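Undergrad: Okay, structure incoming, though there's no sequence with it:
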């Protein structure tokens, strides 16, 4: 599973988050600002969804992306935490 920090390390993925934070957007709406190939955009969006930073709603062939506003309570950080006191 992709790491949140890896997802945030990429400038294009941070830009996608900025765009979607303002309002839910379709793939086409996101790509109006970024102008990426379909394959590149899909790769970035998939990573953001897999890290639970974005959610996706599918209606027919249209995918709409939204910022995931659920309280994650650091579940990913806690599950990957390493005890360094040993």
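TA: Perfect, I can see it now. Computed from a predicted structure; not experimentally measured.
Undergrad: Quick check, pLDDT for residue 71.
TA: For residue 71, the model assigns a pLDDT of 62.
Undergrad: would you list every one of the strands in the protein?
TA: 25-26, 54-59, 62-67 (DSSP state E).
Undergrad: How many residues are close by residue 21?
TA: The burial count assigned to residue 21 is 12, neighbours taken as other CB atoms under 10 Å. Using the backbone N, CA and C atoms, a C-beta is placed for each residue, glycine as well.
Undergrad: Would you enumerate the residues in contact with it?
TA: Taking CB atoms under 8 Å, 6 or more residues apart in numbering as the definition of contact, the neighbours of residue 21 are residue 67.
Undergrad: Counting neighbours, what do you get for residue 53?
TA: Residue 53: 20 surrounding residues under other CB under 10 Å.
Undergrad: should've said residue 40
TA: Applying other CB under 10 Å, we find 12 residues neighbouring residue 40.
Undergrad: residues in contact with it?
TA: Contact criterion CB under 8 Å, 6+ apart gives residue 12 as the residues in contact with residue 40.
Undergrad: And it, how far from residue 13?
TA: Per CB to CB, to the nearest Å, residue 40 is found 11 Å from residue 13.
Undergrad: How about residue 35?
TA: According to CB to CB, residue 35 and residue 13 sit 15 Å apart.
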